[in-house]
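Enquirer: take this sequence and fold it.
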Amino acid sequence: MSYAAFLLIFVALPLVSLLFFGRRQGVLNKEILTGILVLCLIALLYTSPWDNYLIKKGIWNYPEGAVLGTLGYVPLEEYGFMVLQTGLAGALFALSMRKVNFGKLGFNPIGILLSSFVGILGVVCLSAERGTYAGLILLWAFPPLAIQWALGGRVLLATFSRWIVTWVILTAYLCFADSFAIYEGIWFLNVKTRSGIEIGNLPIEEALFFATTNLFVLQGLSLWQAWRKGTT
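Expert: Purely as a prediction, here's the structure:
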């Protein structure tokens, strides 16, 4: 299977279905769609340099002929994955967060302190070659988490019980899809730069990646809604 076919079956088609269902349910209004589009742009701009670095350093790669082309070191389909995954998480957020009082944003330095442990753990992981991939994920995750937790810690805690199930289900689904892609040889990860801990054939680092990226989106949309409600 090609990367394009994988992207269509596992991400694009579910997203289109959720968008159609969400519109029918009346939950995908202009406000939430704008938030999703903003996060899609942020995901693309923030993830692209990091993903280029991963491939350049040989942390993950893809077989010749499996992709349509590349921009930099990254397959074109990978850029599509960044946007479509964000959209998928956003559509699920809209369906699961109806009639929620998001409260108001407020700066809290404790959020930065808590997120700093993520960054510190990343530095520790990078001290060993087999911790390279996990370390890079954690260091890359630190800035978004610091911003989100510092600006909206109260909002996220208040709504946690509403989006946690969506987070777990979507992360599990994408881990399953990733496991299938690895089995099919659509992409592969360097055994020297990962821990070797696996769930089936899925490297634990891939599960960490999907857990953090889905968290960015669900938390980001919670803060978007809180900000929008506070300005209207």
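
Enquirer: so where's the chain uncertain?
Expert: Applying pLDDT under 70 to the chain picks out residues 230-232.

Enquirer: quick one, longest helix in the chain?
Expert: For the chain, the helix with the greatest residue count under DSSP state H is helix 132-184.

Enquirer: how about Met97, what does it touch?
Expert: Contact partners of Met97, counting by C-beta atoms under 8 Å, 6 or more residues apart in numbering, are Thr159, Arg162, Trp163, Leu221, Ser222, Gln225. Bear in mind the C-beta positions are built from the backbone N, C-alpha and C, glycine included.

Enquirer: can you redo these as a markdown table with distance to Lys57?
Expert: Formatted as a markdown table, the contacts of Met97 follow (distance: C-beta to C-beta, whole Å):
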| residue | distance to Lys57 |
| --- | --- |
| Thr159 | 37 |
| Arg162 | 38 |
| Trp163 | 33 |
| Leu221 | 32 |
| Ser222 | 33 |
| Gln225 | 37 |
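
Enquirer: now list the buried members of those.
Expert: With burial judged by 16 or more other C-beta atoms under 10 Å, the buried subset of these is Thr159, Arg162, Trp163, Leu221, Ser222, Gln225.

Enquirer: contacts only, for the nearest residue to Ile110 once chain neighbours are set aside.
Expert: Leaving aside its sequence neighbours, Ile110 sits nearest to Gly153 (C-beta to C-beta, 6 or more residues apart in numbering; 6.7 Å). If you count contacts by C-beta under 8 Å, 6+ apart, Gly153 has them with Asn108, Ile110, Gly111.

Enquirer: same question, Lys56
Expert: Tyr73.

Enquirer: that one and Val74, how far apart?
Expert: 9 Å (C-beta to C-beta, to the nearest Å).

Enquirer: can you verify my assumption that Leu189 contacts Glu205?
Expert: Yes - the criterion here is C-beta atoms under 8 Å, and Leu189 meets it with Glu205 at 7.4 Å.
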